[in-house]
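1. Here is my input; please provide its structure:
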Amino acid sequence: MSAEVIVVGAGLAGLVAATEIADGGGRVLLLEREGERDLGGQAWWSFGGLFLVDTPEQRRLGIRDSLDLARQDWLGSAAFDTPEDHWPRRWAEAYLQFAAGEKRDWLHRMGHRSFPVVGWAERGDGRAEGHGNSVPRFHLTWGTGPGIVEPFARKLAAHRESGAITLRPRHAVEEILVEDGRAVGVRGSVLAPDGAPRGVGSTREVAAEFEERAAAVLVATGGIGGNEELVRSLWPAELGTMPEDVVHGVPASVDGSGMLAAERAGARWIHQDRMWHYTEGIRNWDPVWRGHGIRILPGPSSLWIDARGNRLPAPAFPGFDTTSTLRHLRTTGHDHSWFVLTRKIIEKEFALSGSEQNPDLTGKDWRQVLGRIRPGAPGPVQAFLDHGEDFLQAATVPDLVARMNALTGEDLLDAHDLERVIRARDAEVLNRYSKDAQITALHGARTYIGDRLIRTASPHRLLDASAGPLIAVRLHVLLRKTLGGLETDLGGRVQRGPGGGAGALPGLYAAGEASGFGGGGMHGHNALEGTFLGGCLFSGRQAAQGILADR
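-> Numbering: from 1, shown residues only. From the prediction side, this is the model:
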């Protein structure tokens, strides 16, 4: 054996697990199907948000958070409801303890820092005991996705120098070897060298075959979000039919291959139909991967309408309840919806998810960051206004509707009807109180200083000429995350599949999205945001501890 442990996948979870095992004295062989340039996987492309509870950053902003409140929010969102939720529920409790305890200090010791304004993501369904974050908890990494990857990439470099970790890129694992009921290694293909940039689809030309053996194999290959065919085959019935017109929030390499290989080896993959896809996707005007989509991180002011101009019902407001919004939109008979807003709103409220869409935060440039509070749209947002096919502008509602219909190629919208909807909304903005739930939520958001400063425009009429021009943004479903996964105990040990008997499959472990971020789905039915990167961190760490304990 060339190592004691084989870690399959060099995304965030794989990096955490490999370096933690090496910290504990283990020898690791780290196999990555893509090139070395792709270290960090999806995490590198991310906005870098982390779910943390009762932090100094929150307290400085007057946010009163607690483990008990976070637990209420998590369980109300997860809605665990099956016997298979045994391990997911235990992982959720362990993760909450981590997020409210040592998570921040652990990262801080490695040099991680957070942006001082805490974001309020996934604000919920309007019920105290239901889905959503009761308070802002989205701690943005200073440096975004690359900033969360960097401490572990640095540790990896040191362990490679010492010989504790051997990294082999362009090694595609296709089979997990099982002998006498135990995982003993992996087999696969060495892919031909490919100099394609990070995220760009690489060649699958096979240059050689390989086989490696070890006492433990850890699967950290990510989920299925880049595999549209697999997503379609597992699409949850409760969401109706999967849209034909989608955009992709992850590269094509996120194809579920590791999860499928583990399942063939006898692992149990639970909650296969639990997924997390966004409804505010736009086509990237400068794409990196096939069907590349970007998610809008919206403030609460935009008017959200379906393809025929009907206003979406509560709680389908921008940034509030992702799954219920997706569920509603799948009943409309069309794959797209629209934001209708003003120049004033887009300048203050639109942020775009992803490290490459936030050069100021990614580059840790305070001078550029301060530009966010000055008049004008942020550079990346302005680029979409200038070049994005989904962005339309006009001075009047009839002109805007004509452009919207021309973009879709169908006369689905009626200018008179849309103007009536807009005027009804505008009438509710004239007072600080309203019967309109979205307007009430808008006023409520502005009581939080973080939202008032950089995330929420002052309430105004959409037809106020001084706030114009009017803007319409066509929205697509954006495929992103896998909430179910390989069932694991709290040590990352993968459980046996049907017919394999009770308990763990010896020698096989999983972490990150491949494990549903822990247990086979610690988020349950809904996620609270900032919990995907944190799930990779925590599950990678837990799996490493399990492997070291089993040596």
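
2. Give me the phi and psi for the closest residue to residue 387 other than its chain neighbours.
-> Of all residues beyond its chain neighbours, the one nearest residue 387 is residue 285 (4.1 Å), with distances taken as Cβ to Cβ, 6 or more residues apart in numbering. For glycine as for every other residue, the C-beta is placed from the backbone atoms N, C-alpha and C. In terms of degrees, to the nearest 10, the main-chain angles of residue 285 are phi -70, psi -20.

3. what's the answer for the one 5 residues further on, then?
-> Phi and psi for residue 290, reported as degrees, to the nearest 10, are phi -60, psi 130.

4. ok, it touching residue 227?
-> No: Residue 290 is beyond contact range of residue 227, at 11.4 Å (criterion: Cβ atoms under 8 Å).

5. Next, show the common contact partners of those two.
-> residue 252 (Cβ atoms under 8 Å, 6 or more residues apart in numbering).

6. So these two - more neighbours on which side?
-> Taking other Cβ atoms under 10 Å, residue 290 and residue 227 do not tie; residue 227 has more neighbours (22 against 12).

7. Wait, the more buried one touches residue 253, no?
-> No: applying Cβ under 8 Å, one finds residue 227 not in contact with residue 253, separated by 9.5 Å.

8. Roughly how far does residue 82 sit from residue 75?
-> Using Cβ to Cβ, to the nearest Å, residue 82 is found at 14 Å from residue 75.

9. Kindly apply the preceding question to residue 529 instead.
-> For residue 529, the distance to residue 75 - Cβ to Cβ - is 16 Å.

10. picking that back up, what sits against the residue nearest to residue 387?
-> Residue 285 touches 383-384, 387-389, counting by Cβ under 8 Å, 6+ apart.

11. And for residue 191?
-> So residue 191 contacts 33, 170-172, 202-207 (Cβ under 8 Å, 6+ apart).

12. Tell me if I am right that residue 105 is in a strand.
-> No: per DSSP: H, G, I helix; E, B strand; the rest coil, residue 105 lies outside any strand segment and is helix.

13. what does the model give it for pLDDT?
-> You'll see residue 105 listed with a pLDDT of 98.

14. Just give the number of residues close to it.
-> Using other Cβ under 10 Å, residue 105 has 8 other residues around it.

15. ok, it to residue 544 distance?
-> According to Cβ to Cβ, residue 105 and residue 544 sit 18 Å apart.

16. Residue 203 now?
-> Plainly put, residue 203 is 32 Å away from residue 544 if you go by Cβ to Cβ.

17. neighbour count winner among those two?
-> Comparing residue 203 with residue 544 by other Cβ under 10 Å, the one with more neighbours is residue 544, at 29 against 12.

18. With adjacent residues omitted, what lies nearest to that one?
-> Here the residue nearest residue 544, using Cβ to Cβ, 6+ apart, is residue 20, at 3.5 Å.

19. Can you tell me the element that neighbour falls in?
-> Using DSSP states H and E, residue 20 sits in helix 12-23.

20. how close does residue 93 sit to residue 55?
-> 19 Å.

21. Then residue 99?
-> 9 Å.

22. what residue ranges in the stretch 451-551 of the chain score low on pLDDT?
-> Across the stretch 451-551 of the chain, no stretch falls below the confidence threshold (pLDDT under 70).

23. Let me see the contact set for the nearest residue to residue 122 once chain neighbours are set aside.
-> Distances taken as Cβ to Cβ, 6+ apart put residue 529 closest to residue 122, at 4.5 Å, once the chain neighbours are dropped. Applying Cβ under 8 Å, 6+ apart to residue 529 gives the contacts 49, 51, 121-122, 133, 138.

24. Kindly report the same for residue 422.
-> 303, 340, 397, 462-463.

25. Whichever strand or helix holds residue 186 pairs with which strands, parallel or anti?
-> Here residue 186 sits within strand 182-191, counting by DSSP H and E. Strand 182-191 has the following strand partners under DSSP bridges: strand 171-179 (antiparallel), strand 206-213 (antiparallel).

26. For residue 536, give me phi and psi.
-> According to degrees, to the nearest 10, residue 536 has phi -70, psi -40.

27. try residue 508
-> phi -110, psi 130.

28. Bridged to it, which residues?
-> residue 217.

29. Sort out which of the contacts of residue 529 are in strands and list them.
-> 49, 51, 138 (DSSP state E).

30. For the residue nearest to the second one when sequence neighbours are not counted, grab the count of nearby residues.
-> Leaving out its chain neighbours, the residue that sits closest to residue 51 by Cβ to Cβ, 6+ apart is residue 530, at 3.7 Å. With neighbours defined by other Cβ under 10 Å, the count for residue 530 comes to 25.

31. list the contacts for residue 530?
-> Residue 530 sits in contact with 49-52, 119, 121, 137-139, where contact means Cβ under 8 Å, 6+ apart.

32. mind running it again at 10 Å?
-> Residue 530 is in contact with 47-52, 99, 118-119, 121-122, 133, 137-141, counting by Cβ atoms under 10 Å, 6 or more residues apart in numbering.

33. Next: residue 186.
-> 6, 8, 29, 31, 171-177, 210-214, 217, 219, 258, 261, 265.

34. One more: residue 168?
-> 2, 6, 10, 29-32, 36, 190, 210, 212 are the contacts of residue 168 under Cβ under 10 Å, 6+ apart.

35. if we go to 6 Å?
-> Shown in contact with residue 168 (Cβ atoms under 6 Å, 6 or more residues apart in numbering): residue 31.

36. Kindly calculate the angle that the strand or helix carrying it makes with helix 12-23.
-> If you go by DSSP H and E, residue 168 is part of strand 165-169. Between strand 165-169 and helix 12-23, the angle comes out at 150 degrees (axes from the mean of the first three to the mean of the last three Cα atoms, to 10 degrees).
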